[in-house]
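> all I have is the shape, not the residue letters:
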């Protein structure tokens with residue numbers, strides 16, 4: 001956009017996902033990627049050499065660079081809190097990969113620190129800013145299906161532990177972090193893709209009733225060092241303060257299914273995959289036939305709010321990893337609230353942690369946090 005200021009960006013963490021961020025950052029000329037760093041200097045050098053980037057010797061060197069406005073935290077999830085805290089204390093704005101932190105207390109501390117330092121703090125995933133999510137949200141505002149009563153959301157990825165994940169390598173040579181993924185758990189890693197959509201659409205969650213379980217104890221075979229009880233399956237009922245109820249299932253056991261169905265009095269809105277920013281949105285209206293009310297077996301397409309870009313990455317789906325960073329930079333440039341606010345990220349983190357930490361069904365968790373309503377993207381009004 002003409003007249004927009006350029007924001008200096010630096011990446012901390014040069015693992016598997018970093019290539020996807022570098023590739024999608026290139027679509028935003030208002031974001032200047034100043035460099036990368038990693039506690040493993042060889043990994044930082046590999047990413048930097050592959051993409052022609054600067055490699056900072058240490059995190060301290062990166063934080064001392066006054067040109068860096070936004071630090072993007074792509075480290076191991078257990079390092080998110082420490083790295084984000086250091087960046088905020090250095091006066092940087094922070095965009096973190098999910099989860100914001102591994103505990104609610106740490107996440108809340110980061111939000112408090114960001115507020116005191118008057119710095120922005122945002123968290124992935126940013127797919128709520130994507131074309132499919134924004135199209136669904138617009139259809140809900142237009143009341144295409146009337147009052148929403150129920151939502152079914154699925155985040156199942158198949159038996160990942162039985163896939164050849166040791167062969168999954170990013171374009172710069174970083175291996176897929178199987179140990180981190182299994183120890184962090186699919187709920188913390190993936191439930192947020194739909195939790196963030198639903199909280200944007202329907203507002204804060206008031207109560208979570210969930211069950212989580214570890215179905216496969218030996219995901220790395222005979223390796224005894226993976227000693228974790230982290231669930232690989234969870235199911236949750238989310239009761240929103242607005243009255244909507246959603247059921248969210250997440251696993252790395254059940255067959256791949258990333259579908260979303262939103263059920264209203266007048267019909268059904270659906271999409272097949274939240275990992276594809278251009279996933280088609282379908283509408284089925286209700287029909288009354290004699291004494292029965294059914295869904296029309298013929299659905300129609302709801303035109304996307306705008307055409308979705310295709311990103312040339314080796315990711316398993318078409319996702320714009322850099323869109324959340326671009327939103328943060330735009331908020332700074334336009335002196336407005338960021339759509340991915342710290343409070344929004346904290347609320348979603350609390351909800352996801354509540355799901356993963358529920359070993360038995362039937363004990364509701366009352367959500368403490370809330371957030372100001374998010375504004376739709378201008379092109380989706």
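Noted; the coordinates are in hand. As the structure is a computational prediction, the values presented were derived from the model and not from experiment.
> quick check, pLDDT for residue 313.
We have a pLDDT of 55 for residue 313.
> scratch that, residue 297
Reading off the model, residue 297 has pLDDT 83.
> could you do residue 359 as well?
Residue-level pLDDT assigned to residue 359 equals 62.
> please apply the same query to residue 118.
97.
> please parse this protein into its domains.
As given by automatic domain parsing, the domain ranges for the chain are 7-123, 130-305+341-368+376-380.
> now render the ones you listed as CSV, adding mean neighbour count and distance to residue 324.
Every residue, glycine included, has its C-beta placed from N, CA and C. Below are the domains of the chain laid out as CSV (neighbours: other CB atoms under 10 Å; distance: least, CB to CB, whole Å):
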stretch, mean neighbour count, distance to residue 324
domain 7-123, 20, 6
domain 130-305+341-368+376-380, 18, 10
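> show me what stretch 75-91 is in contact with.
Applying CB atoms under 8 Å, 6 or more residues apart in numbering, the external contacts of stretch 75-91 come out as 12-13, 15, 59, 63-64, 71, 73, 94, 96-103, 106-107, 109-110, 113-114, 117, 119, 121, 177, 180, 184, 188.
> now it: average pLDDT?
In the prediction, stretch 75-91 has an average pLDDT of 97.
> check which helices and strands the helix or strand encompassing residue 201 sits against.
Secondary structure assignment for residue 201, by DSSP states H and E: helix 192-202. In terms of contacts (3 or more CB pairs under 8 Å, 6 or more residues apart in numbering; DSSP states H and E), helix 192-202 is packed against helix 131-141, strand 148-156, strand 233-240, strand 245-251, helix 342-356.
> and the angle for it with helix 342-356?
120 degrees (axes from the mean of the first three to the mean of the last three CA atoms, to 10 degrees).
> quick one: helix 192-202 to strand 245-251, angle?
170 degrees.
> give the pairing partners of the following helix or strand past helix 192-202; include direction for each.
On the C-terminal side of helix 192-202, the nearest following helix or strand under DSSP H and E is strand 205-213. Strand 205-213 has the following sheet partners, assigned by DSSP bridges: strand 233-240 (antiparallel), strand 365-366 (antiparallel).
> residues in contact with the shortest one?
What that stands for is strand 365-366. Contacts of strand 365-366 (CB under 8 Å, 6+ apart): 206-210, 354, 358.
> which among the domains of the chain is found nearest to residue 327?
Each of the domains of the chain has some distance to residue 327 by CB to CB; the shortest is domain 7-123, at 7.6 Å.
> do you know the pLDDT at the closest residue to residue 255 other than its chain neighbours?
Nearest residue to residue 255, sequence neighbours excluded (CB to CB, 6 or more residues apart in numbering): residue 158, at 5.7 Å. On the pLDDT scale, residue 158 is placed at 96.
> list phi and psi for residue 158.
With angles defined as degrees, to the nearest 10, residue 158 sits at phi 80, psi 180.
> do residue 106 as well
Per degrees, to the nearest 10, the backbone of residue 106 is at phi -70, psi -40.
> how close does it get to residue 74?
According to CB to CB, to the nearest Å, residue 106 and residue 74 sit 17 Å apart.
> cool, and residue 23?
13 Å.
> work out which residue lies at the spatial centre of the chain.
The residue lying closest to the centre of the chain (CA atoms, centre = their mean) is residue 125, at 1.7 Å.
> where does the chain dip in pLDDT?
1-3, 222-227, 310-317, 359-362 (pLDDT under 70).
> which residue ranges form the helices in it?
Taking DSSP state H, the helices of the chain run over residues 18-25, 41-51, 59-63, 80-89, 104-117, 131-141, 178-184, 186-190, 192-202, 323-334, 342-356.
> so which of those gets nearest residue 289?
helix 131-141 (24.5 Å).
> what pairs with residue 9 across the strands?
Bridge pairing for residue 9 - DSSP bridges - gives residue 33, residue 70.
> for the contacts of strand 365-366, which one is nearest residue 342?
So of those, ranked by how close each gets to residue 342 (CB to CB), first place is residue 354, at 18.6 Å.
> verify the stated contact: that closest one with residue 207.
No. Applying CB atoms under 8 Å, one finds residue 354 not in contact with residue 207, separated by 9.3 Å.
> if I look at these two, which residues touch both of them?
With CB under 8 Å, 6+ apart as the test, residue 354 and residue 207 both reach 365, 367.
> any idea how far residue 340 is from residue 77?
18 Å.
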